[in-house]
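S.K.: need a structure here:
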Amino acid sequence: MDKELVELFIEEFNELFDQYIENAQKITQSKNPQNELRKLKEITHNLQKSCEILGIDNLRNFFKALETVFSKVSFKSNKRISSLFDQSLGIGFFKFQEIAKRISAGNALHDIEVLVDVENLYQNAESSNL
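M.R.: Reported below is the predicted structural model:
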């Protein structure tokens, strides 16, 4: 892939990632969490496509698992959604920031070890009923 194209997608990835963090942090305080979740799903889908174009399969699978988790989220209990985001996604954000830093530095296109724990976390969440 052309170096300029890779840089463009990395820039897009970083912008989407910033939006992702912002929306995910808003979701537990929002009066309309369903709307925030919809935005989060759209951003997640776009991040998934960016990773596919960049050829980062593990990260693409991670976003796909997130999208599955988000599709199962229910807002019947604010305490439950708050707990989900504080525990599971809080861990994800930390790992996520690490991979975003590596990607923006151009060091992570094939070094995705940092996501293994998070990917397992979401595969477990994907198989359970939220």
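S.K.: may I ask which helix or strand of this protein has the lowest mean pLDDT?
M.R.: The weakest-scoring helix or strand in the chain, judged by mean pLDDT, DSSP states H and E, is helix 116-127 (a mean of 52).
S.K.: okay, now the unreliable bits of the chain?
M.R.: 1-3, 5-6, 9, 27-28, 69-130 (pLDDT under 70).
S.K.: rerun at 50
M.R.: In the predicted model of the chain, residues 108-118, 129-130 satisfy pLDDT under 50.
S.K.: the helix ranked longest in it packs against which elements?
M.R.: Identified as the longest helix of the chain according to DSSP state H is helix 3-26. Where contact means 3 or more Cβ pairs under 8 Å, 6 or more residues apart in numbering; DSSP states H and E, helix 3-26 is packed against helix 33-54, helix 90-104. For every residue, glycine as well, the C-beta is placed using N, CA and C.
S.K.: buried residues in it?
M.R.: Neighbour-count burial for helix 3-26 flags 6, 9-10, 12-13, 16-17, 19-21, 23-24 (criterion: 16 or more other Cβ atoms under 10 Å).
S.K.: can you list the residues you listed in CSV and add distance to Gln48?
M.R.: As requested, these are arranged in CSV below (distance: Cβ to Cβ, whole Å):
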residue, distance to Gln48
Val6, 17
Phe9, 13
Ile10, 15
Glu12, 12
Phe13, 11
Leu16, 10
Phe17, 12
Gln19, 14
Tyr20, 11
Ile21, 16
Asn23, 15
Ala24, 15
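S.K.: nearest to Thr44, of the residues you listed?
M.R.: Tyr20 (6.9 Å; Cβ to Cβ).
S.K.: how about that closest one, what does it touch?
M.R.: Contacts for Tyr20 (Cβ atoms under 8 Å, 6 or more residues apart in numbering) come out as 40, 43-44, 47, 96.
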